[in-house]
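In: kindly return the folded structure for what I paste below:
(chains A and B)
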There are 2 protein chains.
Amino acid sequence: MKHEEKIPYKIYLEESEMPRAWYNLRADMKKKPAPLLNPATHKPMKAEELAGVFCDELIEQELDEDTAFFEIPEEIRNFYKMYRPSPLIRAYCLEEKLGTPARIYYKFEGNNTSGSHKLNSAIAQAYYAKKQGLKGVTTETGAGQWGTALSMACSYLGLDCKVYMVKCSYEQKPFRREVMRTYGASVTPSPSMETEVGRKILEKHPGTTGSLGCAISEAVEKAVTSEGYRYVLGSVLNQVLLHQSVIGLETKTALDRYGVKPDIIIGCAGGGSNLGGLIAPFMGEKLRGEADYRFIAVEPASCPSLTRGVYAYDFCDTGMVCPLAKMYTLGSDFIPSANHAGGLRYHGMSSILSELYDQGLMEATSVKQTEVFEAAEYFARIEGILPAPESAHAIRVAIDEALRCKETGEEKTIVFGLTGTGYFDMVAYEKFHDGMMNDYIPTDEELAAYRAKLPKIE
Amino acid sequence: MKHEEKIPYKIYLEESEMPRAWYNLRADMKKKPAPLLNPATHKPMKAEELAGVFCDELIEQELDEDTAFFEIPEEIRNFYKMYRPSPLIRAYCLEEKLGTPARIYYKFEGNNTSGSHKLNSAIAQAYYAKKQGLKGVTTETGAGQWGTALSMACSYLGLDCKVYMVKCSYEQKPFRREVMRTYGASVTPSPSMETEVGRKILEKHPGTTGSLGCAISEAVEKAVTSEGYRYVLGSVLNQVLLHQSVIGLETKTALDRYGVKPDIIIGCAGGGSNLGGLIAPFMGEKLRGEADYRFIAVEPASCPSLTRGVYAYDFCDTGMVCPLAKMYTLGSDFIPSANHAGGLRYHGMSSILSELYDQGLMEATSVKQTEVFEAAEYFARIEGILPAPESAHAIRVAIDEALRCKETGEEKTIVFGLTGTGYFDMVAYEKFHDGMMNDYIPTDEELAAYRAKLPKIE
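Out: A predicted model of the protein is given here:
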């Protein structure tokens, strides 16, 4: 094995090397992401308009385009120390098996009980809610990673946590639900009869198994109609990407320690929380002209917002109760085919990433799910870690890039984000093993029909 | 929070500090553990008699009472680097919540895809099987940790892996089964019709949901009747405790770095793999008169081999095809009540630990399962890690000892083994949440009945 003696299998930072501030990528963007709009007036949302939905300090973070660094409060840094730094792993075994001259690294965010990177933002959002003296928070969860993370964070801080879980996940992932219960959260299958918007959706689509967009609507309604509650979200928002920058900052410090400069940085992209956090400090260098990198966003072919969506203002949720965001979107009604396994099923994409992609600073590609599960199983057998299906999207493209290096002989350095563990996705793996998985991809006609329903904003 | 600045939340060793040799505790024992006996002749088993069942080098390790250190082959050390060193975590949050002056540390072995410490011995046993040119190995698994670990190790080395999984676990833990399948293992519910012993047991007890002792018998039969196969076992054996010494060695190096000397070392005990590994180097010091420690083995009140068993020769398996071992045992027919959740359900205990306990060098205590799950949930909410029910036995007693320190004001240092994650035990947690868990403990009459069937050895 070509084990470079100076570079260990796993690079762990010292606690003293852990980031003390989050990095706000927007500060270095010349053309900023488009602002959120009030769905009624189509004017940019002001802090006071958001105050009923989000916590005050999080609104500041959401709207601040200029401050490059936000200090991480000590209590959050202490919580981070419970499960961070996460390891940056040199994929020596994978490199050897592929016979590639490429050097592959991955930042593994799955070594915590929530099983993914979502905890990085969950503790931050819960912290500011607590600081504001709130009783609790509401949220939605699809695959369950975000809900689990939030329930852990709330339990730690003694906050109430109310999760609307997309009904099909609620039924297919009883263990996820049970973990949230262990952490004291209340979990409701969505759509539910608890909210006005839930009742409306159930009336219109009695048999529906729910969607993320619909669960968001319910969680927002619950927050704004409950005294002492606010709504929190695990992806898409600027504040989430800000908190997730801890992933990229740690990655960069670890690589810098060994003088390693990546050529390609790859991440899976649903709403953009992981990808946005992983690339942040590297993209910052690129924006400031200090370095150049290739960035690749990988999305499912069954939910291709960047590669087949349009860049336009759209609703963030199905119930249309949220502000409008400018983003690459498939339309807020879009739901991936029932056969689609794993997460990355949001109809839109973070405004920051959408803008970077639109400016040509980042590439995007889509992969079919059977190819993704093939890569997942291959990786698990070689590197030991059983990946979440979402993370395996990045693995797929990292392997493909490494194989390209094998053809050309280039010794590129590839870094990808391994966002989580697949422990709670064994139903999907089973489907894959049993040959019950297909690669359905939406037709152009289907996408056009969703697109036709986009709101008209001049 | 009383964060001692010099001691981080998590101590990770450098790769260069990782153990290069396993430590064989028997070398320092004046009175050695009793040898395995041939069940027919009642004479000590010789290497050649074991050769049909176990791999040759593992037999050497099994029988060697004198060599203190066995070098860890480079290939195993490389595999260890994929998921080790495991963190030694300072439970700052737990200490604060308990308000105890005690200092609590735990060695967390759950941060790998198999979810437990079992991988430490799985890769070693698979390695020697591969080295011997075998086609594959057979084994049994109860809760599923060992089977998962072995399937990962075999997949890495390209060995065939055949797992007999206790039928009730096979049915209740489909996700465990699916992880093994992801790693290419074949998994058969036990008892099965595939073996002579399985058919016999099914004939006698048609509705049985199986037991560990019975799955062992099937796996051994399969190994000895298949060309190019040997049997491997995840606990109880001397070789397993040897491999697991990596846990204790890492723990000691990490504590030594900060000049910390434990007062109490606590581990859960089923067959003894984790406890034996964790305490090994510390017990070595005690045996050599260099230091003193309190060691506490924690077992379930529903399967109390140390606290209510007898120290005698007994069969290791239900089918009585294995050698006889002298150990604390409840009788090879013993099966914990159906309500018992989690592992630690073996009727006996490692000969090494049995002998140490008999010599008064180690304490033992038993805990009821609802107390265990209360401790598990409490710990999860405070320390973030959702523990396996087995590991939570040690948590329970560590908390109790820390609370005792609170009463007395003693600043004791407590170290315990957190052997694994509870991700795959959510059915048990659900039972606990729903109040469906009881604390059935075997009566003296029941235990006497099992004891009456022990083999008579003069």
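
In: after the helix or strand where A:Met327 lies, next one along is what?
Out: Secondary structure from DSSP states H and E places A:Met327 in strand A:324-329. Secondary structure here is assigned by DSSP H and E; on that basis, the next helix or strand after strand A:324-329 toward the C-terminus is helix A:351-358.

In: does A:Ile34 count as helix, strand or coil?
Out: Let me fix one detail, which is that residue A:34 is Ala and not Ile. When states are read from DSSP: H, G, I helix; E, B strand; the rest coil, the local structure at A:Ala34 comes out as coil.

In: please apply the same query to A:Ala364.
Out: Per three-state DSSP, the local secondary structure of A:Ala364 is strand.

In: these two touch, right, it and A:Glu299?
Out: Yes: counting by Cβ atoms under 8 Å, A:Ala364 does reach A:Glu299; the two are 6.6 Å apart. Bear in mind the C-beta positions are built from the backbone N, C-alpha and C, glycine included.

In: need the residues touching each of the two.
Out: A:Ala269, A:Leu306, A:Thr307 (Cβ atoms under 8 Å, 6 or more residues apart in numbering or on different chains).

In: the last one - nearest residue in space that isn't next to it in sequence?
Out: Right, the one you point to is A:Thr307. Taking Cβ to Cβ, 6 or more residues apart in numbering or on different chains as the measure, A:Thr307 lies nearest to A:Ser366, with 4.7 Å between them; neighbours along the chain are not counted.

In: and that neighbour, how many neighbours does it have?
Out: A count of nearby residues for A:Ser366, using other Cβ atoms under 10 Å in any protein chain shown, gives 20.

In: residues contacting it?
Out: For A:Ser366, the contacting residues are A:Val298, A:Glu299, A:Pro300, A:Ala301, A:Pro304, A:Leu306, A:Thr307, A:Arg308, by Cβ under 8 Å, 6+ apart.

In: run through the bridge partners of it.
Out: According to DSSP bridges, A:Glu299 are recorded as the beta-bridge partners of A:Ser366.

In: A:Ala223 in helix, strand or coil?
Out: Reduced to three states with three-state DSSP, the structure at A:Ala223 is helix.

In: and it, how many neighbours does it have?
Out: Other residues near A:Ala223 come to 22 when the count uses other Cβ under 10 Å.

In: what's the answer for A:Ser114, then?
Out: Other residues within reach of A:Ser114 by the criterion other Cβ under 10 Å amount to 31.

In: over to A:Val232?
Out: As a burial measure, the neighbour count of A:Val232 was computed by other Cβ under 10 Å and equals 30.

In: over to A:Gly158?
Out: A count of nearby residues for A:Gly158, using other Cβ under 10 Å, gives 11.

In: same check on A:Met362?
Out: Residues within reach of A:Met362, counting by other Cβ under 10 Å, total 24.

In: nearest residue to it other than its sequence neighbours?
Out: A:Met362's closest residue in space is A:Phe295 (Cβ to Cβ, 6+ apart), at 4.2 Å.

In: same deal with A:Asp314?
Out: A:Thr329 (4.1 Å).

In: you'd agree the one you found is up against A:Leu306?
Out: No: counting by Cβ under 8 Å, A:Thr329 sits too far from A:Leu306 to count as a contact (9.8 Å).

In: tell me the residues that contact both of the two, please.
Out: A shared contact of A:Thr329 and A:Leu306, defined by Cβ under 8 Å, 6+ apart, is any residue touching both; here these are A:Met349.

In: which elements pack onto the worst-scoring helix or strand of chain A on mean pLDDT?
Out: Least confident element among the helices and strands of chain A, by mean pLDDT, DSSP states H and E: helix A:167-172 (a mean of 87). Packed against helix A:167-172 by the contact rule (3 or more Cβ pairs under 8 Å, 6 or more residues apart in numbering or on different chains; DSSP states H and E) you find strand A:186-190.

In: strand partners (parallel or antiparallel) of the strand it packs on?
Out: Sheet pairing for strand A:186-190, assigned by DSSP bridges, gives strand A:160-166 (parallel).

In: what residues does the partner strand touch?
Out: Defining contact as Cβ under 8 Å, 6+ apart, one finds that strand A:160-166 is touched by A:135-142, A:144, A:147, A:150-151, A:154-155, A:176-177, A:180, A:183-190, A:192, A:209-212, A:214-215, A:218-219, A:222, A:229.

In: dump the C-alpha coordinates for it into PDB.
Out: Output in PDB follows, covering the C-alpha atoms of strand A:160-166 (Å, rounded to 0.1, in the frame of the first residue of the first chain):
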ATOM      1  CA  ASP A 160     -38.800  21.400  23.500                       C
ATOM      2  CA  CYS A 161     -38.500  20.000  20.000                       C
ATOM      3  CA  LYS A 162     -41.400  19.300  17.700                       C
ATOM      4  CA  VAL A 163     -40.700  17.400  14.500                       C
ATOM      5  CA  TYR A 164     -42.900  16.900  11.500                       C
ATOM      6  CA  MET A 165     -41.600  13.800   9.700                       C
ATOM      7  CA  VAL A 166     -42.600  13.100   6.100                       C
END
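
In: and it, how far out from the chain middle?
Out: Average the C-alpha atoms of strand A:160-166, do the same for its chain, and the two points are 18 Å apart (Cα atoms, centre = their mean, to the nearest Å).

In: could you do stretch A:450-458 as well?
Out: On the basis of Cα atoms, centre = their mean, stretch A:450-458 sits 25 Å off its chain's mean C-alpha point.

In: give me the mean pLDDT for that stretch.
Out: Along stretch A:450-458, the predicted confidence averages to a pLDDT of 89.

In: repeat for stretch A:398-411
Out: Confidence over stretch A:398-411, taken as the mean pLDDT, stands at 98.

In: is it true that A:Cys322 touches A:Val220?
Out: Yes: contact between A:Cys322 and A:Val220 holds when scored by Cβ under 8 Å: they sit 6.1 Å apart.

In: so what sits against both of those two?
Out: When contacts are counted by Cβ under 8 Å, 6+ apart, the set common to A:Cys322 and A:Val220 consists of A:Val53.

In: of those two, who's got more company?
Out: Under the criterion of other Cβ under 10 Å, the comparison of A:Cys322 against A:Val220 puts A:Val220 first, with 27 against 21.

In: please report how far that one lies from chain B.
Out: 27 Å (Cβ to the nearest Cβ, to the nearest Å).

In: equivalent analysis for A:Leu249, please.
Out: Taking Cβ to the nearest Cβ as the measure, A:Leu249 and chain B are separated by 18 Å.

In: and that residue, that one's in a strand?
Out: No: the assignment for A:Leu249, made by three-state DSSP, is helix rather than a strand.

In: wait, what's in contact with it?
Out: Applying Cβ under 8 Å, 6+ apart to A:Leu249 gives the contacts A:Pro19, A:Trp22, A:Tyr23, A:Ala280, A:Pro281.

In: any idea how far the closest residue to A:Ser351 other than its chain neighbours lies from A:Ala223?
Out: On the basis of Cβ to Cβ, 6+ apart, the spatially nearest residue to A:Ser351 that is not a chain neighbour turns out to be A:Pro33, at 4.0 Å. As for A:Pro33, its distance to A:Ala223 is 24 Å (criterion: Cβ to Cβ, to the nearest Å).

In: burial of A:Glu410, as a residue count?
Out: Here the number of neighbours of A:Glu410 (other Cβ under 10 Å) works out to 13.

In: same deal with the one 10 residues further on?
Out: A:Gly420 is surrounded by 30 other residues when neighbours are defined as other Cβ under 10 Å.

In: cool, thanks, talk later.
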